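Peer 1: Build me a model:
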Amino acid sequence: MPATNVWQQLYPAQTRLEAHFGDRVVRCFPDRPANLDAMLRQSAARFPKHEALVFEQQRINYRELDARVDAVALRFQHAGLNVGERIAVYMSNSIELIVVYFAALRSGLIAVPIGIRQQTPELEYALNNCSASALIFDTDSAARLPTRAQIPSVRNFYCVGGAITHDGAPTEPFEPLMEKTDAMAPVLEIDEETTAFIMYTSGTTGRPKGAELSHLGVWHATRHDELCLEFNSATRAVLAIPGTHVSGLVAIIMSIAQAGGCLVVMRSFDTRGLLNLMRAEKITATLFVPTIYTRILLEPDFDEFGLGSHWRSARYGGAPMPEATIAGLHKHLPALRLHQGYGATESSAVSVLLPADQTALRPTSVGTAEQCVDVMITDEAGRELAAGEIGEIWIGGPSVVRGYWNLPEENARSFIGGYWRSGDVGVIDELGYLQILDRRKDVIIRGGFKVYSVEVENVLAFVDGVVEAAVVPSPCPLLGERVHAFLYAPGVTENAVREFCSTRLADYKIPDFITLSQEPLPRNLNGKLMKAPLKELASAAAQERAAKPR
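Peer 2: Model prediction:
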């Protein structure tokens, strides 16, 4: 951690160095609950009558949430699910999703969130990889379940939305598990270093890897949110992104529970539905990808929703926010604090955050390390580089995951001395502000020159009329690779883009090829831009050019 930590200056908090996970020494907040179940119990004791969850027509307070969690945890134990076993969750956003997570934590189980867009083979792989003992799904997801023979470790099947028959055998309905019971689940002594969640990464380099998020790590991520975003019991956040993604799970669900705030759950995203919900529920805090902020500003009657009277905090990440969107949000919502963030599943969501007063001043920065986070830039030999030098981003701190489930060789490569090697290329300035330049494996080598796609995308995002930008390599027999830009830019011309870039980028960084689209670029359910199909399009276009007679 740098000698001067910006967030520690803004929100001073007591910290100390502690030994954890065998060989790590990390900076921690000493005043903390014993584990994540204790976190929920504390909020329920402090704010028993405060609204905890809102979903469609359902509203429950913290006392009621705690009682439902207790009932489900007790029934999990009676069903023979033992401490340390894995319980997979394959369902859309709902109150049941949140109850399952906390009931698993109370039972000492390890929850394994799996996104509902994962298809049968991907689900089968995750269930077998973690040897899941139980699977909770909803009726909408049932058709994609593997056969029972394909997932032999799963012995308990629970369906949200009513019992169904799966693979010739009945499943148990989940809703009765939440019914009130006079008995209470025992308070377990769950060590904070144990695994709370296994979350499978996107698998961009091969098979997905199951990152083990610990109680200690997730709690520290929630405490950072509470401090840096000023979350408290009056905070009302909307969950419009999947609760099975690390951002939805940690940065929204767990962070709001830590603060004792209210979580308003949206089953799936749509622009008008989101705006109506934010108005009706007086939402104060959001976390979206930049595209969602752009979309809501494009609604012609945006001002009529009156969000400025209560909306105070807006986080974003995964891509730079277009300058026009930042300006639009400041114009329509002058009291809204914008925070760009950076993190990953391996860092338990956000670990670097941009202070709101720096958003306009540092539009290409993702922020600076939070209080208990250490970020450094290293060369290929793992040596720390000076401010201003480009290298790989390493992240350290209590929120870094324990490792990957059953992957000792990958752990040895990816985790060194408590640091996670992100594989991202970046640079830190003298004040500790981080800029992401590219994924190390995605750097475009054009005629021997390195082109960082994010740097080009940052420039393209400021072209008037560009909503989304993605830069990928295009194979070239002469230069090795060229630069191909895909833009969602209704009404924008290629000449306008080239003219804009010509005064802001070195000539070798200016896109060689530009594909303009009237439709949004491909994204997954979490809102993350998917470059793989764009790379395929760029390669196909290169082959077509090569096949044309000269």
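Peer 1: Please tell me how far the residue nearest the centre of the chain sits from residue 145.
Peer 2: Centroid-nearest residue in the chain: residue 247, 2.9 Å away (criterion: C-alpha atoms, centre = their mean). Distance of residue 247 to residue 145, given as C-beta to C-beta, to the nearest Å: 26 Å. Just so you know, the C-beta spots here come from the backbone N, C-alpha and C atoms, and that holds for glycine as well.
Peer 1: now do residue 262
Peer 2: Going from residue 262 to residue 145 by C-beta to C-beta gives 33 Å.
Peer 1: if we can go back for a sec, chain neighbours aside, what residue packs nearest to the residue nearest to the centre of the chain?
Peer 2: Spatial nearest neighbour of residue 247, excluding adjacent residues (C-beta to C-beta, 6 or more residues apart in numbering): residue 349 at 5.5 Å.
Peer 1: Local confidence estimate at that neighbour?
Peer 2: Reported pLDDT at residue 349 in the predicted model: 92.
Peer 1: Run through the bridge partners of it.
Peer 2: On the basis of DSSP bridges, residue 349 is bridged to residue 344.
Peer 1: residues contacting it?
Peer 2: Counting by C-beta atoms under 8 Å, 6 or more residues apart in numbering, residue 349 touches 221, 246-247, 249-251, 343, 399.
Peer 1: Among the residues you listed, which are located in helices?
Peer 2: Among these, the members found in helices (DSSP state H) are 221, 246.
Peer 1: Of the contacts of residue 349 - the most surrounded one?
Peer 2: residue 399 (31 neighbours; other C-beta atoms under 10 Å).
Peer 1: now the end-to-end length of stretch 426-435.
Peer 2: One end of stretch 426-435 to the other measures 5 Å (C-alpha to C-alpha, to the nearest Å).
Peer 1: same deal with stretch 451-470?
Peer 2: 13 Å.
Peer 1: cool, and stretch 269-289?
Peer 2: End-to-end distance for stretch 269-289, by C-alpha to C-alpha: 12 Å.
Peer 1: Flag every buried residue along it.
Peer 2: 269, 274-275, 277-279, 281, 283-289 (16 or more other C-beta atoms under 10 Å).
Peer 1: Residues contacting the lowest-mean-pLDDT helix or strand in the chain, please?
Peer 2: The helix or strand of the chain with the poorest confidence is strand 449-451; it has a mean of 78 (mean pLDDT, DSSP states H and E). Contacts to strand 449-451, defined as C-beta under 8 Å, 6+ apart, come from residues 443-445, 471, 483, 508-509.
Peer 1: OK, contacts around residue 308?
Peer 2: By C-beta under 8 Å, 6+ apart, the residues touching residue 308 are 332-336.
Peer 1: Which PyMOL command selects the buried ones in those residues?
Peer 2: Typed into PyMOL, the line below selects the buried ones among the contacts of residue 308, using 16+ other C-beta under 10 Å:
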select buried, resi 333+336
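Peer 1: Turn the contacts of residue 308 into a markdown table, including secondary structure.
Peer 2: A markdown table is the format used below for these (DSSP: H, G, I helix; E, B strand; the rest coil):
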| residue | secondary structure |
| --- | --- |
| 332 | helix |
| 333 | coil |
| 334 | coil |
| 335 | coil |
| 336 | coil |
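Peer 1: quick one: which of the contacts of residue 308 is nearest to residue 167?
Peer 2: Minimum separation from residue 167 among those (C-beta to C-beta) is found for residue 336, which lies at 49.3 Å.
Peer 1: Surely that closest one touches residue 329?
Peer 2: Yes: with contact defined as C-beta atoms under 8 Å, residue 336 reaches residue 329; the gap is 5.8 Å.
Peer 1: Now for these two: what residues contact both?
Peer 2: Common neighbours of residue 336 and residue 329 (criterion: C-beta under 8 Å, 6+ apart): residue 314.
Peer 1: to the chain's geometric centre, what's the distance from stretch 247-264?
Peer 2: 13 Å (C-alpha atoms, centre = their mean, to the nearest Å).
Peer 1: What is the end-to-end distance of it?
Peer 2: Chord length of stretch 247-264, first to last residue, is 15 Å (C-alpha to C-alpha).
Peer 1: and it, average pLDDT?
Peer 2: Average pLDDT, stretch 247-264: 98.
Peer 1: Secondary structure element holding residue 193?
Peer 2: Residue 193 belongs to no helix or strand when elements are defined using DSSP states H and E.
Peer 1: before we move on, the earlier item: specify which member of the buried residues of stretch 269-289 is nearest to residue 112.
Peer 2: Nearest to residue 112 out of the buried residues of stretch 269-289 is residue 287 (C-beta to C-beta; 22.1 Å).
Peer 1: and that closest one, that's in a helix?
Peer 2: No: assessed with three-state DSSP, residue 287 is strand; it does not lie in a helix.
Peer 1: Check the spacing between it and residue 229 real quick.
Peer 2: From residue 287 over to residue 229 the distance is 9 Å, taken as C-beta to C-beta.
Peer 1: Can you check which residues contact both of those two?
Peer 2: Here residue 287 and residue 229 have residue 315 as joint contacts, going by C-beta under 8 Å, 6+ apart.
Peer 1: The residue nearest to the centre of the chain is in contact with residue 239, isn't it?
Peer 2: No: using C-beta under 8 Å, residue 247 makes no contact with residue 239, being 10.0 Å away.
Peer 1: could you point out where the stretch 251-400 of the chain is predicted with low confidence?
Peer 2: Applying pLDDT under 70 to the stretch 251-400 of the chain flags the ranges 319-320.
Peer 1: can you pull out the helices in it?
Peer 2: 255-259, 271-281, 290-297, 323-332 (DSSP state H, counting those that start in this stretch).
Peer 1: Could you export these as CSV, including distance to residue 8?
Peer 2: Shown next, in CSV, are the helices of the stretch 251-400 of the chain (distance: least, C-beta to C-beta, whole Å):
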stretch, distance to residue 8
helix 255-259, 19
helix 271-281, 32
helix 290-297, 28
helix 323-332, 26
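Peer 1: Quick check: which of the ones you listed is nearest to residue 304?
Peer 2: Of all the helices of the stretch 251-400 of the chain, it is helix 271-281 that lies closest to residue 304, at 9.1 Å by C-beta to C-beta.
Peer 1: distance of residue 169 from residue 154?
Peer 2: Per C-beta to C-beta, residue 169 is found 12 Å from residue 154.
Peer 1: That should have said residue 306, apologies.
Peer 2: Residue 306 is 48 Å from residue 154, by C-beta to C-beta.
Peer 1: Those two - which one has more neighbours?
Peer 2: residue 154 (20 against 12).
Peer 1: Which secondary structure element is home to the residue nearest to that one when sequence neighbours are not counted?
Peer 2: For residue 154, ignoring the flanking residues on the chain, the nearest one in space by C-beta to C-beta, 6+ apart is residue 135 at 5.0 Å. Per DSSP H and E: residue 135 is located in strand 134-138.
Peer 1: Partner strands of the least confident helix or strand of the chain and their direction?
Peer 2: Strand 449-451 has its sheet partners listed here by DSSP bridges as strand 444-446 (antiparallel).
Peer 1: Going by neighbour count, list what's buried in the partner strand.
Peer 2: Buried residues in strand 444-446, counted by 16+ other C-beta under 10 Å: 444, 446.
Peer 1: hey, where'd the helices end up in the stretch 51-200 of the chain?
Peer 2: For the stretch 51-200 of the chain, the helices defined by DSSP H, counting those that start in this stretch occupy 62-78, 95-107, 120-129.
Peer 1: List the contacts of the residue nearest to the centre of the chain.
Peer 2: 241, 287, 317, 349-350, 526.
Peer 1: Can I get those in a markdown table including distance to residue 413?
Peer 2: As requested, those are arranged in a markdown table below (distance: C-beta to C-beta, whole Å):
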| residue | distance to residue 413 |
| --- | --- |
| 241 | 30 |
| 287 | 30 |
| 317 | 25 |
| 349 | 22 |
| 350 | 24 |
| 526 | 25 |
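Peer 1: Can you tell me which of those is nearest residue 414?
Peer 2: Of the contacts of residue 247, the one sitting nearest to residue 414 (C-beta to C-beta) turns out to be residue 349, at 17.5 Å.
Peer 1: Now do the same contact list for residue 454.
Peer 2: Residue 454 sits next to 320, 436-438, 471 when contact means C-beta under 8 Å, 6+ apart.
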